[in-house]
Structures are given as C-alpha cells and as structure tokens.
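Chemist: sequence and computational prediction follow.
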Amino acid sequence: MAAAVAVLRAALRRGRPAAASLLHRLPNPSARSLPPPPPLGRALRPLSRLGFSAGFGHSSSTEDFGFGYSPATEDSAAAAKPKTKTKARKHPMKQSRFDFTKVDAALLPTVILVGRPNVGKSALFNRFIRRREALVYNTPGDHVTRDIREGVAKLGDLRFRVLDSAGLETAATSGSILARTADMTGNVLARSQFAIFLIDVRDGLQPLDLEVGQWLRKHASGIHTLVAMNKSESLDEHGFLTAAAGEAHKLGFGDPVAISAETGLGMAELYEILRPLFEEYMFQLRNNDLNQDDPISEVETEAHDGDESKLPLQLAIVGRPNVGKSTLLNTLLQEQRVLVGPEAGLTRDSIRAQFQFDSRTVYLVDTAGWMERSGKEKGPASLSVVQSRKNLMRAHIVALVLDAEKIAKSKSSMNHPEIVIARQAIEEGRGLVVIVNKMDLLRDNQTLFNKVMDAVPREIQTVIPQVTGIPAVFVSALEGRGRIAVMRQVIDTYEKWCLRLSTSRLNRWLRKVMSRHSWKDSATQPKVKYFTQVKARPPTFVAFMSGKTQLSDTDTRFLTKSLKEDFDIGGIPIRIIQRSVPRKAYAKRNNTRNTGPRVVRMKTDKRTAVSDPALS
C-alpha cells in the first residue's frame, strides 16, 4: 500500500496520465474516513429552519444575529456523517408557539429600555424597529434622547412594543432637565411589562449603574428586568466578557446577556430569553378572551378600501424653537408624552405618537425647532435639523406653529424660517394648516388680540399667493384651548387633499367655466377636449388639448381658482398638467386634392402595386 502511494505521488509530480489508473487499483476507503462531498445546492442554502432575523434587513440567515459564520460549514460537517447515525442538535433554535403578527399593536407586550446616559439605548431601539429613527450620537456629557419614543419591534418572529427612554441620573437637581426626564420615564413604567437594563460593558459597572438598578427596584418592582451588556463585540477574548458578566450580577437582576446593538451580536440569545416570557404573557391574555384575528381591524380595513380620506393621517408639527410644538402635541394626546419647558431647543428627536380622533387613526410627529442654517450646528443639533426636514417630506398635513406674542411685537407674522417651511410644504404637495399658539398671553390686550387675528391670514396669503384659503387656527396649547378646532381643521384639510372627482362631473364643470372665461382672442382660444383627475393626495388634473395650443399661465390660474371655489377645495395645492392630442393624420374622403395615385399593399408576388382611382 505504501509503495503504491509513493508511485502515485511520483506520477502526479511528473504529470503522467497513469496516475489516474492507479487510483482505481487502490482499495476503497470507508465512508467514515472519506465521505462524499455534499451537493453544492445544500452547502449554499441559508439556514431557513431558524425562521427569523434580527437585523435592519429582512434576511433569514444567522448573520443578522452577528454570529459571523457560514452555514456551509455546518452543512458540510453534517454531511460527513452517515444518515443513519445523524443526531439531533442539543439546542435547536425554536420558534414561538404564538403568532404575534395577528395581534393588535396595542395588546403586544411592552418593553422599556432603561440605563444611564450613552449606553446604547437608542441604537438598540433602532435595531429592534429596523429603522434609524432615534438619534444616535456619542455625547458622554449630554443627553441626546430626552423624550419617550415608541415603536413596534421585530425580533425574529416576535413582535412587541419598545420604548426608548432618556438616560437616568438620580443625582439630578429638582426641576432640571435630567430630573424631568427621570419623572417621565417613571410615568411610562406603569404601562410596561418588561424592561431591558443596558450597561456599557467596556466601561465596566459604574456607580451610576448601581443607582439606576436601585431606582428600578423601587419604581419597577413588578416588571421583569433583564440586564444586557451592550458594546461587547470586542471583549470576547482573554475572559474579559466572563469577568464583566460576573460583575453585572451585582445589580441583582439575574444572569446578563452580552449584546451589541451596533453589530447585532447576541440577538439570538436575547430572542431565546424573551420568547418564553412573551409567550406566557400572551397566553394569559388569550385566557382573558383575546381574539388574535382582530376582527374589528379587518372590518375597518375593508370599510376603508377605496376611500383614501379614511386612511391613517400623518400630521407633522413644525415651527421655530420654543413656539409650543411639544406642548401642542401633549395637548392633542391629552398626556405628558414629550418634555416641555422654557428652554429653547429642548426637543431633539422627532417624536412619533399615535392616537384616535373621531374613529380615525392619527400619527403625530413632533419635530425639533426649525432653525436658520448658520453653519454652526454641530452634533445632535445638526442631526435634529436633518431629521425634521425628512419628517416634513413624509407628512400628509403640515401644522406650522407660530408664536402670537412674537407676532404682536414684530411687524411681520412669519419670519424667514417659517416662510421656508410653508413654501416647501406647498411645493411638496402637502396640506398646510397654520396654528397661532400662546393666544392666552394677549388676552389682556384686546387690541393686540384682534390685530394678530386679522394680520396672520392676510400675510399668509401674501407670502404664499399660489394657494388661497390656507386655514389659520388660534389656540392656547398651555391651557388646552383649541384642541378640537385644530383637529377638525386638520381633518377637513386632509379630506380635501384626498378628494377625487369623476371625469363626467369635471367635464360638465369645464363647459360652464370655459364659457364664462373672457378670452382676448377667440381665434387663438385653446380648445380643451376633456378634463380628468389622474390622482389625489394632492389633487392632480390633466387637461387634454387639441393641437399644439397650450393654456397660458393666466388660464391655468383661472382654472385652479375655479376648481377651489366650485368644489370647495381651498387651502391645498392643486396641480394641472397639460397634454396635447394630435389631430387625425388622414384627410377627409371628399377632399379633391387627394385624388392622385396612392401606394397600397396588395396580396401579390410583388411588394406594392399602384392603384389609380380614376381607372376603377
């Protein structure tokens, strides 16, 4: 045997063809020592049996959990053993026995993320909801997150509500921003069932972590708390992670789990811990007659099909800093959802909230103060400006908030940043509602009160002449006055924004409108063959013109104004597009000028034949 192998090696070195024949003369090895290679398709297939992912994408491979190995390695090792002796895995990945996708979002388990500042709560929140909504910035000496942010998390086949809270500092002075954020976090603990206590494993266990742990035992004694050691992607060497886990036991919340919100490390272990807890919680709700199919939601969905005005409304509250945007959001929600105070620029994150008004779902977005671009914004302030502009583009209706006290003291109602907001909202085709806040400060001076109410609508029309009838609502968010008026005006603008008119109705209207329009020259009067609406949100119309003659800007403005007056759709942007319909290419049969020979196609051996009508 050894001699044959030596001959084979020598033949391979010399490149002899006889080397292949020697292979057949060697005794066949056993299947245990030299297994056949696995099929290529099996080696490359993903681990679909896991059935879940936890990253920003929607892939079902284990790379979403940050393991960093290829599934081909495991399948190749499995193929090396005979099928008769294949053993089941000791710890197979299990899937949840409960279908969380069929449960209403309001009934899902709620998890709140707590910890001291700058430990990665917002980064974990973004990974859970699979979007970069919360601001993430490395500011050890400051708080980036100041409000409570809420979203629906997706961890494998688990679904749950997640709350991102501000960093806790128990030593904050009374009345400060830190103390107010701690009070707000304590208020939302009442509607949470689980808590994830994050610590920075690279910094070790800090004294502030111990204080936060004591605060949780005092205020959240009935909440199941899990300790997560964040930023542990680079500490799994030389036993550093094991030592950190032993140190984290001092917090008194059981065994910690090592994760990395930035890379996704440890999401599979977190899934295995949360799955039985969520299943037990949902089974208790099911015993209380919970219906997973949620028939009410299905009926609402069927009723809203075909009627765009009944779909959920996206409302963005924008304006300059310290005009009362957050106070207005708290008034509309009728709860202390976001932090308010006299400090300018208090809101950094764009807070998204959901509530019901007149059986309609409304999504509110409170944005950070819209400041002029000075080039001096750095850190979280610059990120807040970018995030506010993005939320303006995604909104259906934009609520521009003005300060009544500043209007009374200045010569103009709207400054440059507010004019930019209004014009950008109209250019993007969004509905606009102007809200004048802090009217309670002018109550003692009736002259200024009336002056503001008269000046604001007039100046809005001057600044934005292309859209007439933009509504203005005067409120006092601090006192809660004007809440119903604001929502009714917003919904009325939204219904106009979603309006659809039939083609027959539009053409009947067009004949009446064109007959009363004064044309300078009837010979050059453009002829509109028909008028139709091609889309809503905002209403967009197409005028089909005969020939190459187009409507002038004056005619287009006349049609736009007539549409708003006759169909009561003022205050929203309307778009009119013109398209030319070419005239018929063929001439009339009775035209004597076309009696000459013409080329026609006939079924003959030749390609064409000349036909003369005079010979027929």
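Modeler: Looks like it arrived, so ask away. Numbering: from 1, shown residues only.
Chemist: tell me both backbone torsions, phi and psi, for M184.
Modeler: phi -70, psi -40 (degrees, to the nearest 10).
Chemist: that one contacts L163, doesn't it?
Modeler: No. Counting by CB atoms under 8 Å, M184 does not reach L163; the two are 10.7 Å apart. Every residue, glycine included, has its C-beta placed from N, CA and C.
Chemist: quick one: which of those two has more around it?
Modeler: L163 (22 against 18; other CB atoms under 10 Å).
Chemist: wasn't the more buried one part of a strand?
Modeler: Yes. Checked against DSSP: H, G, I helix; E, B strand; the rest coil, L163 lies within a strand.
Chemist: residue contacts, the closest residue to V486 other than its chain neighbours?
Modeler: Spatial nearest neighbour of V486, chain neighbours left out: V473 (5.3 Å); criterion: CB to CB, 6 or more residues apart in numbering. With contact taken as CB atoms under 8 Å, 6 or more residues apart in numbering, V473 is in contact with V433, V434, I435, V436, G482, A485, V486, Q489.
Chemist: specify the local secondary structure of the second one.
Modeler: Three-state assignment for V434 (three-state DSSP): strand.
Chemist: where's it relative to Q489, distance?
Modeler: Between V434 and Q489 the computed distance is 10 Å (CB to CB, to the nearest Å).
Chemist: cool, Q356 as well?
Modeler: Distance from Q356 to Q489, by CB to CB: 18 Å.
Chemist: what sits against L113?
Modeler: Counted by CB under 8 Å, 6+ apart, L113 has contacts K121, L124, F125, V162, L163, D164, S165, A195, I196, L198.
Chemist: for it, give me phi and psi.
Modeler: When quoted as degrees, to the nearest 10, the phi and psi of L113 stand at phi -100, psi 120.
Chemist: which strand residues bridge it?
Modeler: Judged by DSSP bridges, the bridge partners of L113 are D164, I196.
Chemist: between Q356 and Q489, which one's more packed in?
Modeler: Higher neighbour count among Q356 and Q489: Q489, with 20 against 8, using other CB under 10 Å.
Chemist: wait, is the more buried one part of a helix?
Modeler: Yes. Counting by three-state DSSP, one finds Q489 located in a helix.
Chemist: wait, isn't it in contact with F474?
Modeler: No. In this structure Q489 lies outside contact range of F474 using CB under 8 Å: 11.0 Å.
Chemist: show me where the stretch 51-200 of the chain dips below the pLDDT cut-off.
Modeler: For the stretch 51-200 of the chain, the stretches with pLDDT under 70 are 51-94, 134-147, 167, 169-181.
Chemist: assign V456 to helix, strand or coil.
Modeler: Following three-state DSSP, we place V456 in the helix state.
Chemist: tell me how far it lies from G319.
Modeler: To G319, V456 is 14 Å away according to CB to CB.
Chemist: before we move on, back to that, dump the contacts of V473 to JSON lines, plus pLDDT and distance to K218.
Modeler: Shown next, in JSON lines, are the contacts of V473 (pLDDT from 0 to 100; distance: CB to CB, whole Å):
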{"residue": "V433", "pLDDT": "96", "distance to K218": "44"}
{"residue": "V434", "pLDDT": "96", "distance to K218": "46"}
{"residue": "I435", "pLDDT": "97", "distance to K218": "40"}
{"residue": "V436", "pLDDT": "96", "distance to K218": "43"}
{"residue": "G482", "pLDDT": "94", "distance to K218": "39"}
{"residue": "A485", "pLDDT": "95", "distance to K218": "42"}
{"residue": "V486", "pLDDT": "96", "distance to K218": "39"}
{"residue": "Q489", "pLDDT": "96", "distance to K218": "45"}
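Chemist: show the buried residues in those.
Modeler: Buried members of the contacts of V473, counted by 16 or more other CB atoms under 10 Å: V433, V434, I435, V436, G482, V486, Q489.
Chemist: output the residues you listed as CSV; include the columns distance to M229.
Modeler: Formatted as CSV, the buried ones among the contacts of V473 follow (distance: CB to CB, whole Å):
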residue, distance to M229
V433, 47
V434, 49
I435, 46
V436, 50
G482, 48
V486, 46
Q489, 50
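Chemist: how about the strands of the stretch 51-200 of the chain, start to end?
Modeler: Per DSSP state E, counting those that start in this stretch, the stretch 51-200 of the chain carries strands over the ranges 110-114, 149-155, 158-164, 194-200.
Chemist: so which of those strands gets nearest G547?
Modeler: Of all the strands of the stretch 51-200 of the chain, strand 149-155 sits nearest to G547, with 54.7 Å by CB to CB.
Chemist: pLDDT weak spots in the stretch 201-350 of the chain?
Modeler: For the stretch 201-350 of the chain, the ranges with pLDDT under 70 are 236-239, 288-307, 340-350.
Chemist: got a pLDDT number for the residue nearest to T327 when sequence neighbours are not counted?
Modeler: Spatial nearest neighbour of T327, excluding adjacent residues (CB to CB, 6+ apart): A477 at 4.3 Å. A477 is assigned a predicted lDDT (pLDDT) of 94.
Chemist: against G246, how distant is A477?
Modeler: A477 is 51 Å from G246, by CB to CB.
Chemist: who's more crowded, those two?
Modeler: Relative neighbour count places A477 above the other of A477 and G246, with 26 against 11, counting by other CB under 10 Å.
Chemist: contacting residues for that one?
Modeler: G324, T327, L328, N330, T331, N437, K438.
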